[in-house]
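Student: let me see the structure of the following:
(one chain, ligands or ions: 1)
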Amino acid sequence: MNYVIPQPPVASLPVIGSDARFPVRRIFCIGRNFAEHAREMGATVEKDAPMFFCKPADALVTDGADVPYPQATADLHHEVEMVVALGGGGRDLTAEQARAQVWGYGVGLDLTRRDLQAVAKAKSHPWDVAKAFDHSAPVSALVPAAAVTIGPDTVLQLDVNGARRQHATLGEMVHDVPEILCALSRLFELKAGDLVFTGTPAGVAALQRGDRFRAELAGVAVLEGRVA
Ligand code: MN
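Tutor: This next block holds a predicted model:
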């Protein structure tokens, strides 16, 4: 194939225990998936109407690289989240079909320009400028689903400069992974390579230049990095 400009690189994530990488197609994110976080944002959880938004695949920050402090904000927030990587897809999936599409798990930060999000909410504008900016998706190496077990007791947590900021178990999620994938598959035809950020617990707060963060999905994945 000839292209009129150089072909953009394929976004990808490292895989624990492998030299091969996971190629990333799209990044979907669910909002308000922990009740206490919804409350801290002044929002309510709608059990029957999960809310989604997207980030571009090239917003990923991988391999422990520094996260540059973004332009156009004075209130960069962390949201620690489990990240699910899909090895297959489909439309209108059943829960069983959805479960079978999960290739692996990681942990990431849904970085948010909270000041721009507040403006977007007030004006009923889309969230893209608050959520889908460059370097807004630091993610750990992935672990194949076959190599780990996650369950309601699996801990998701974030430390910043050694102090605990966020902590919850996956059992506290309003929508579990199959429910999220089923709902997404009724809106989009899911495909291999898609990532899904599965929502953040309470405790979101600002990151400053120089902060060091450690995000953990206990027993599965760790992401350590620095805001540059
Ligand atoms: Mn989030």
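
Student: name the SS class of L158, please.
Tutor: Put simply, L158 is strand when judged by DSSP: H, G, I helix; E, B strand; the rest coil.

Student: so what's the closest residue in space to it that isn't next to it in sequence up against?
Tutor: Excluding the flanking residues, the one nearest L158 by C-beta to C-beta, 6 or more residues apart in numbering is V80, at 3.7 Å. All C-beta spots, glycine's among them, are computed from the backbone N, C-alpha and C. Counting by C-beta atoms under 8 Å, 6 or more residues apart in numbering, V80 touches 107-109, 156-158, 165-166, 200-201, 215.

Student: measure V80 to A35 for me?
Tutor: Distance, V80 to A35, using C-beta to C-beta, to the nearest Å: 16 Å.

Student: that older thread, any idea how far K123 is from the residue nearest to L158?
Tutor: V80 is 28 Å from K123, by C-beta to C-beta.

Student: got it, and A49?
Tutor: In terms of C-beta to C-beta, A49 sits 21 Å off from K123.

Student: try A38
Tutor: Separation of A38 from K123 (C-beta to C-beta): 21 Å.

Student: for those two, indicate the residue with more neighbours.
Tutor: Taking neighbours as other C-beta atoms under 10 Å, A38 and K123 compare with A38 leading, 19 against 8.

Student: ok, the spatially closest residue to that one that is not a sequence neighbour - contacts?
Tutor: Distances taken as C-beta to C-beta, 6+ apart put R32 closest to A38, at 4.2 Å, once the chain neighbours are dropped. With contact taken as C-beta under 8 Å, 6+ apart, R32 is in contact with 38, 41, 43-46, 51, 174, 199.

Student: need the residues of this protein near the ion, please.
Tutor: When proximity is defined by C-beta under 5 Å from the ion, the chain lies next to the ion at 79, 110, 200.

Student: hmm, 6 Å instead?
Tutor: 29, 79, 81, 110, 197, 199-200 (C-beta under 6 Å from the ion).

Student: in TSV: those, plus distance to D92.
Tutor: Converted to TSV, those look like this (distance: C-beta to C-beta, whole Å):
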residue	distance to D92
C29	21
E79	29
E81	25
D110	26
F197	22
G199	22
T200	27
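
Student: columns neighbour count and distance to V222 on top of these, output as a markdown table?
Tutor: Compiled in a markdown table, the residues of the chain next to the ion are given as follows (neighbours: other C-beta atoms under 10 Å; distance: C-beta to C-beta, whole Å):
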| residue | neighbour count | distance to V222 |
| --- | --- | --- |
| C29 | 28 | 20 |
| E79 | 25 | 17 |
| E81 | 28 | 14 |
| D110 | 26 | 17 |
| F197 | 30 | 17 |
| G199 | 28 | 19 |
| T200 | 28 | 17 |
